[in-house]
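Engineer: got a sequence here, can you build the structure:
(4 chains, ligands or ions: 4)
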Amino acid sequence: MSSPDTETLEAPAASRQRRLTIARALNEALHQEMAADNSVLVMGEDLGKMGGVWGTTGGLLDAYGAERVRDTPISEAGFIGAAVGMAAAGIRPVVELMFVDFFGVCMNAISSLAAKQSFFSGGKVKCPMVLMTSVGGGYSDAGQHSQCLYATFGHLPGLKVVIPTNAYDAKGMLLSAIRDDNPVVFMFHKGLQGMGWLGTAPGSVVHVPEGDYLVPLDKAAVVREGSDITLVGLGLTTHHAVDAAKVLAKEGISAEVIDLRSIAPLDRETILASVRKTGRLVVADEDYLSYGVSAEVIATACEDSAVKWKSRPRRLAYPDIPIPYSAVLEQEALPNVERLVDLARAAMTEK
Amino acid sequence: MSSPDTETLEAPAASRQRRLTIARALNEALHQEMAADNSVLVMGEDLGKMGGVWGTTGGLLDAYGAERVRDTPISEAGFIGAAVGMAAAGIRPVVELMFVDFFGVCMNAISSLAAKQSFFSGGKVKCPMVLMTSVGGGYSDAGQHSQCLYATFGHLPGLKVVIPTNAYDAKGMLLSAIRDDNPVVFMFHKGLQGMGWLGTAPGSVVHVPEGDYLVPLDKAAVVREGSDITLVGLGLTTHHAVDAAKVLAKEGISAEVIDLRSIAPLDRETILASVRKTGRLVVADEDYLSYGVSAEVIATACEDSAVKWKSRPRRLAYPDIPIPYSAVLEQEALPNVERLVDLARAAMTEK
Amino acid sequence: MQSPANASGNLHHRLWMYQAMLRSRELETRIKEIYFEGKLPVFNMAKGPIPGEMHLSVGQEPCAVGVCAHLRPTDVVTATHRPHHVAIAKGVDMNAMTAEIFGKKTGLSKGLGGHMHIFDSAVNFSCSGIIGEGTAPAVGAAMAAKLQGRDDVAVSFLGEGGANQGQFHEAANLAGLWKAPVIFIIEDNSYGISVSKAESTAVPRNSDRAAAYGMPGVYVSDNDPDAIYEAAGEAIRRARAGEGPSIIEIETHRLEGHFVGDTNEYRPQAERDRLPSLDPIPLYRERLLAEGYEGAELERLEAEAASAADAAIAFARASEFPTFQEALNHVFA
Amino acid sequence: MQSPANASGNLHHRLWMYQAMLRSRELETRIKEIYFEGKLPVFNMAKGPIPGEMHLSVGQEPCAVGVCAHLRPTDVVTATHRPHHVAIAKGVDMNAMTAEIFGKKTGLSKGLGGHMHIFDSAVNFSCSGIIGEGTAPAVGAAMAAKLQGRDDVAVSFLGEGGANQGQFHEAANLAGLWKAPVIFIIEDNSYGISVSKAESTAVPRNSDRAAAYGMPGVYVSDNDPDAIYEAAGEAIRRARAGEGPSIIEIETHRLEGHFVGDTNEYRPQAERDRLPSLDPIPLYRERLLAEGYEGAELERLEAEAASAADAAIAFARASEFPTFQEALNHVFA
Ligand SMILES: Cc1ncc(C[n+]2csc(CCOP(=O)(O)OP(=O)(O)O)c2C)c(N)n1
Ligand SMILES: Cc1ncc(C[n+]2csc(CCOP(=O)(O)OP(=O)(O)O)c2C)c(N)n1
Ligand SMILES: [Mg+2]
Ligand SMILES: [Mg+2]
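Structural biologist: Ligands and ions are numbered 1, 2, ... in the order given. Prediction:
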């Protein structure tokens, strides 16, 4: 397992470690990969002069110039589609869709064009493109700037879809994504990004090695081992799950926490290995409930013949409503540690 | 239950019954509703002079004129977005997205604009729009003209998403959809449509009353009762499930068949009532497997405390690959009766 | 705030424009100040009475008032992520709008929408945080008026950055094709966040793109309320008369950052230094005085705007938060 | 089939164009006939050796040959749902393309793609069944050439109907902005399925829209291979020289229905009656003869095209179907 050890998600790292935010880790990965491989190009809105709304591209324009670090018009279908054409010609474009919520203006370029180049060409045309995009809410940015849409991307074939939970994974996964010959949708959660102007889950800020390393794009991580119940999360809900596990530990409940990291492909083996051990499952997802990640994880476990259920699986997800602006409403709709703990307790006591 | 009785899906209707294809039933619904309500307007590509690629709008142009039956440019984001503006002003637009596969060029108009008008306006702005769209493959139209994408639409809040399985439901559901004050994504399966140039599942051609009647948009139908196992389908896979049930019946297995009809909202009660009775479940879905309808149905049943499982739930869905062109490959990838029967047999014998 | 098109005529349109600009400015000045409440010392966007992003229209008020001075409540306006000036000029209820911005139950949308989703069906105003999203619905609204035999028009506001969205192309083509009574108002403030117009747009003027859609295109320079009023008046007259759509591009200025908190650092220093001198409100005040309007009258309007803004803030602050049931109630009509 | 830009020079470009038109026509004539095999008596699109939709380019061959005569294998072409003429003119392997259309393992994409997804990486050709989809990748391909220091160009073919897609606007703006060496070829056959250009497009000519993107726009009338050759030559020369993109709109004719099976009934009778007289191939033959080309030479090319088409069909028919493993193998690279 190439992710940082359990402790990094749980406790401040030892003092001599270099702890970075996800934003800084992504920025470092981009710097290093652009230096190492001059076929890498960065393109999107406000990535150049401004360094990216999400702090990922700072310094790249100065270091690599305007040819390789391109600010674009507000034409997502255009520049993502253009990236596919570049990728076929041997360039490795990293493009940004500023908010995943804007997918509707450019989804064809992603799910038809990028995702199907390999298939339609019988494997002859490659699309080594990374689509970085921010997900998640919790800061009252309302219904067009706060969605996760994990399952929207996970459902459509031909895309790899990943979401790192901490800075170590973020750097290693972005390096893997850029080197991958396939389109990778690289989601970063705003509540983990470590921007100055947004609160950040402390567990996302972890030690990040300076050098080059890869974290695989197809492996979930067991971020905490346990024996009584499996808690599955992704993005911010992984942190909720770790926090819930700590609360449960005080009650004598040993929870194993799985961070999906990738939803396409979904690492079904890691999920199954855990649920076969614990016989109990709670999935925490910030995406909309219906036809979401939580259902897929539950179905995966329930289809398996080797799981011996001690209680029925449960899920916590965003209700099937647009994301309300008012903070009181949004906070009530979001999954949180308390509700996750409640569900885990229920799974321990009820059938 | 307002759908035709079990027999209509299974046997030719009595001779004095008026049996229509889904295409004719939809056409009749549009004619009747345009006559009854002059705020209804039809808009899309090739719907006027040509009468619609899917045979749904024949005769409307002559009957209601070019103001109310509008051919459009190939500008889906434009005309669907325009329909939202019309709908807010009291018009009831029925628009067509010729193939659901083209969603990527106009999804913002559907999932952001149409779907969220009510929510964003605190209930003050309505969007009584019907988006008709064709789904499904099986006739070698390849990877951009054969998808179902049920879950893609079902996952996003603010849309009602329905798919009729026979002409009776088609007419009654379209009338309900037009009169509904919300955006309804009305999917019709090409393999059920009854176009001259496409094969059609015979069970879709059923008696359709001439008059006005409504079929609800939020209720699944038990199209065949049974006690040993529940088979859940939607669109074409409902017909597969009925056929599978007939095969199973010969083996002494009593299968109950549920036609979802709506995936948003999903009629969880009808599913649960059946699975509580049978304790066995197989879901057949022509949409991509992961994060699809099949997982949601399984998760719904597995979350329920009242289901006493006799064997684990199973699913048959389109594999997570783009749809191949070559007929031999496509047919191998599609769910079919045989595989559904196999899964049901396995559910009867294994844990 | 009724537009002069509907007001009983005793308020001259230039005073109305001045007043509407002031109202927007006074409200946004207060919003900006309150926005920082609770967010400091370490700025955190999630905190305070006005959380989330906040895009101010400071400097762009002339675009709103010059256009909306011609509109009736039954005319439709779609605006953008930067909506306040247009909303106020269109006559959106300031108290309810402010309450919405505070996420309160008394807000236009009961707090479900927020600052980028101001919907006021009483005056047919809406806006959206997705660039280009309002263009096509405006065409639809215009066609609805036409089909229903009304001589109402629709106006779609967008930024110069938004004019590079495909949706705009599709909407403009539909409008030209169907001779829809719609006017596209492009507020050219030279920037889409940090990206300058020269870095985003292949031609110097979006008004020249009108020819691609068979409609007139007009460029109004200098952020001048009177010139905007003239140009918009002619376009709206044409639209009402069944002569079809228009594009008007207006040279305007974003005096603040893209959103509150953005420090405009990507703009050249000389340009930033010039910004205060470009404030259209004092410039218009001078012009009105020079042309013989009474200082006392202007002061009265200024005081009125300030107190309207105070009242709106007070109303919003005093209002209750919604209950969660509201969020569940309005997913569907 | 190498274009004259690469051929060793012994084949004059007009003969090359004639030959490439013939090849496309001969192949499509056979495809049309075979398309009905197994589908009758009750036409069923799912049946026969060539199932699914089939869009023929019959009548539009001049657009393909006049442009591709200037291209090299390293130039990129993106085409549409109506791709055969362009593919053949770009030098796509006819046998492998035909096998793809038959869904065979020897097909360009092993039968995974089909007629709307002809991909030949040897000559940098691709196409797509979604209207407008090829426009932006062409801009990207053009920028790649520029960034990699090659003087290759990219050409995006689209229909006049496709020019109303938002993607085209975004791609054209990017191209103009970045001075990408890309040429947009709009095949104006007056129809998008049943919808005429007048019913879909706010302006008579898409070439006039070029001004909206800061690039030259040229309209070529009369479906004339030589005129297309001239116009394309100039645009491609400009692009290779770093002078930026162009739009060329070509008046052409769809002599068949939108797809095989479509009977063109929505077209006025007089227009349908006129169609056979508009066939560009006999017209071009007459011109070549009138200008002194040898009849025998033309007959040789005709025979060659027919036998190339026969060979392609025979190759496709004789090939095996793929195994399902192929479908699993290529979801990812
Ligand atoms: C489709 C889409 N892409 C990107 C964004 C992010 N974004 C918000 S405002 C903005 C700049 C808009 O520029 P312009 O249209 O000129 O309006 P202005 O902000 O200058 O008023 C961008 C890129 C968005 N909201 N929607
Ligand atoms: C985005 C999208 N919308 C609609 C269609 C359905 N469709 C296929 S071909 C076609 C007409 C295309 O017209 P045009 O661009 O003029 O090309 P032509 O068929 O005349 O070659 C349409 C509407 C599609 N394939 N993609
Ligand atoms: Mg701007
Ligand atoms: Mg055409």
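
Engineer: every contact and neighbour count from this point should use C-alpha atoms.
Structural biologist: Will do.

Engineer: quick one: the strands in the stretch 51-200 of chain C?
Structural biologist: For the stretch 51-200 of chain C, the strands defined by DSSP state E, counting those that start in this stretch occupy C:76-79, C:125-127, C:154-159, C:182-188, C:191-192, C:195-196.

Engineer: near chain B, anything from the third one?
Structural biologist: No. Strand C:154-159 does not reach chain B (CA under 8 Å from any CA of the partner chain); its nearest approach is 9.8 Å.

Engineer: OK, now which residue of chain C is nearest to chain D?
Structural biologist: Chain C approaches chain D most closely through residue C:166 (3.5 Å), counting by CA to the nearest CA.

Engineer: where are the low-confidence patches of chain C?
Structural biologist: C:1, C:5-11 (pLDDT under 70).

Engineer: excluding chain neighbours, what is closest to the most centrally placed residue in it?
Structural biologist: Taking CA atoms, centre = their mean as the criterion, residue C:86 is the residue nearest the geometric centre of chain C, at 2.6 Å. The shortest distance from residue C:86 to any non-neighbouring residue, by CA to CA, 6 or more residues apart in numbering or on different chains, is to residue C:64 (4.6 Å).

Engineer: residues of the stretch 201-350 of chain A that sit close to chain B?
Structural biologist: Counting by CA under 8 Å from any CA, the stretch 201-350 of chain A comes close to chain B at A:288-293, A:295-296, A:298-300, A:302-305, A:312-314, A:320-322.

Engineer: swap in the stretch 51-200 of chain C?
Structural biologist: Proximity of the stretch 51-200 of chain C to chain B (CA under 8 Å from any CA) is limited to residues C:108-113, C:117-121, C:133, C:135-145, C:147, C:167-168, C:170-171, C:174.

Engineer: just how off-centre is stretch A:208-216 within its chain?
Structural biologist: Mean C-alpha position of stretch A:208-216 versus that of the full chain (CA atoms, centre = their mean, to the nearest Å) differs by 17 Å.

Engineer: tell me the pLDDT of residue A:195.
Structural biologist: The confidence metric pLDDT takes the value 88 at residue A:195.

Engineer: enumerate every residue touching the residue in chain C positioned nearest to ligand 4.
Structural biologist: At 16.4 Å from ligand 4, residue C:173 is the closest residue in chain C, using CA to the ion. When the contact criterion is CA atoms under 8 Å, 6 or more residues apart in numbering or on different chains, the partners of residue C:173 are C:212, C:213, D:164, D:201, D:202.

Engineer: apply 10 Å and report the result again.
Structural biologist: For residue C:173, the set of contacting residues under the criterion of CA atoms under 10 Å, 6 or more residues apart in numbering or on different chains consists of B:73, B:75, B:78, C:139, C:167, C:179, C:210, C:212-215, D:164-166, D:200-203.

Engineer: same check on residue A:118?
Structural biologist: The contact partners of residue A:118, by CA under 10 Å, 6+ apart, come to A:88, A:124-127, A:158, A:181-183, D:109, D:119, D:329-333.

Engineer: show me which of the residues of the stretch 51-200 of chain C next to chain B are buried.
Structural biologist: Burial of those was assessed by neighbour count (16 or more other CA atoms under 10 Å in any protein chain shown); the buried members are C:108-113, C:117-121, C:133, C:135-145, C:167-168, C:170-171, C:174.

Engineer: which element is residue A:187 on?
Structural biologist: Assigning secondary structure by DSSP states H and E places residue A:187 in strand A:184-189.

Engineer: what about that strand, distance to the chain center?
Structural biologist: Average the C-alpha atoms of strand A:184-189, do the same for its chain, and the two points are 5 Å apart (CA atoms, centre = their mean).

Engineer: now do stretch A:314-331
Structural biologist: Taking CA atoms, centre = their mean, one finds the center of stretch A:314-331 at 19 Å from the center of the full chain.

Engineer: likewise stretch C:326-333?
Structural biologist: Taking mean C-alpha positions (CA atoms, centre = their mean), stretch C:326-333 and its chain are 27 Å apart.

Engineer: please apply the same query to stretch C:302-315.
Structural biologist: Counting by CA atoms, centre = their mean, stretch C:302-315 is centred 19 Å from the centre of its parent chain.

Engineer: then stretch A:300-309?
Structural biologist: 26 Å.

Engineer: list the contacts for residue A:214?
Structural biologist: For residue A:214, counting by CA under 10 Å, 6+ apart, the contacting residues are A:2-3, A:168-177, A:179.

Engineer: could you redo the last one with a cut-off of 8 Å?
Structural biologist: Shown here is residue A:214, whose contacts under the criterion CA under 8 Å, 6+ apart are A:2, A:171, A:172, A:173, A:175, A:176.

Engineer: helix, strand, or coil at it?
Structural biologist: Assigned with DSSP: H, G, I helix; E, B strand; the rest coil, residue A:214 falls in the coil class.

Engineer: can you give me the helices for chain C?
Structural biologist: With DSSP state H as the criterion, chain C has helices at C:13-35, C:61-68, C:84-90, C:94-101, C:135-147, C:166-178, C:197-200, C:225-240, C:269-274, C:280-290, C:295-318, C:324-329.

Engineer: any idea which of these gets closest to residue B:332?
Structural biologist: When the helices of chain C are ranked by distance to residue B:332, counting by CA to CA, first place goes to helix C:166-178 at 38.3 Å.

Engineer: the inter-axis angle of the closest one versus helix D:166-178?
Structural biologist: Inter-element angle recorded for helix C:166-178 and helix D:166-178: 110 degrees (by axes from the mean of the first three to the mean of the last three CA atoms, to 10 degrees).
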